[in-house]
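# Provided below are the primary sequence and the corresponding predicted coordinates.
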Amino acid sequence: MKQSNLINVIDLLSFIALVAMISTGALLEFTLPIRSGPSSVWSLTRHEWGDLHTYISVAFLVLMSAHLLVHFRYIKCVVIGKASREQNYRIAIGLVGVVTLLALAVAPVVSPVDESSDARRGYHGNRPW
């Protein structure tokens, strides 16, 4: 794989991980706060969302480390003062991606919260007994 393609893939995955990390963090803080009881969103409890948030955070840390490694030459040029300007099409594509990912990131936060303790097991009616 060409280095430019590798950079693009790492940058895209890093951004997606960042948006997912922010989204799950906001979900934990505002939608499923501490002591929210047996509430769940998309059949995941607060603890399961917390685990997912942790895994995404670790993936983001790994991706950012890889990002710095593949951009080492560029960082070196910036420090020396020989960097070139960005192209406008990258900014336009980035803005479209940001809008799309933000819409996806907001989805868990605005989704309805199921207060039933039986929702985790898929039971949504009255108790049979």
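Noted; the coordinates are in hand.
# Wait, a helix at P38?
No. Per DSSP: H, G, I helix; E, B strand; the rest coil, P38 lies outside any helix segment and is coil.
# Help me confirm that it comes into contact with T45.
Yes. Assessed by Cβ atoms under 8 Å, P38 is found in contact with T45 at 7.2 Å. C-beta coordinates here come from the backbone N, C-alpha and C atoms, glycine included.
# ok, those two, which is more surrounded?
T45 (18 against 13; other Cβ atoms under 10 Å).
# For that one, what are phi and psi?
Phi and psi for T45, reported as degrees, to the nearest 10, are phi -80, psi 180.
# Is it in contact with T31, as I believe?
No. T45 is beyond contact range of T31, at 11.9 Å (criterion: Cβ under 8 Å).
# ok, L52 - contacts?
With contact set as Cβ atoms under 8 Å, 6 or more residues apart in numbering, L52 has these partners: T24, L44.
# Could you rerun that using 10 Å?
A20, M21, T24, L27, L28, L44 (Cβ atoms under 10 Å, 6 or more residues apart in numbering).
# out of the residues you listed, which is most surrounded?
Ranking the contacts of L52 using other Cβ under 10 Å puts L27 first, with 26 neighbours.
# Settle this for me: that residue is touching T45, isn't it.
No. At 11.6 Å, L27 does not count as touching T45 under the criterion of Cβ atoms under 10 Å.
# does I16 really touch I56, like I thought?
Yes. Counting by Cβ under 10 Å, I16 does reach I56; the two are 9.4 Å apart.
# which residues of the protein score low on pLDDT?
Applying pLDDT under 70 to the chain flags residues 75, 78-79, 81-94, 115-129.
# one step back: now do the shared contacts for T45 and T31.
What both T45 and T31 touch, as defined by Cβ under 10 Å, 6+ apart, is the set S39.
# Give the buried residues for stretch 58-70.
Neighbour-count burial for stretch 58-70 flags A59, F60, L63, A66, H67 (criterion: 16 or more other Cβ atoms under 10 Å).
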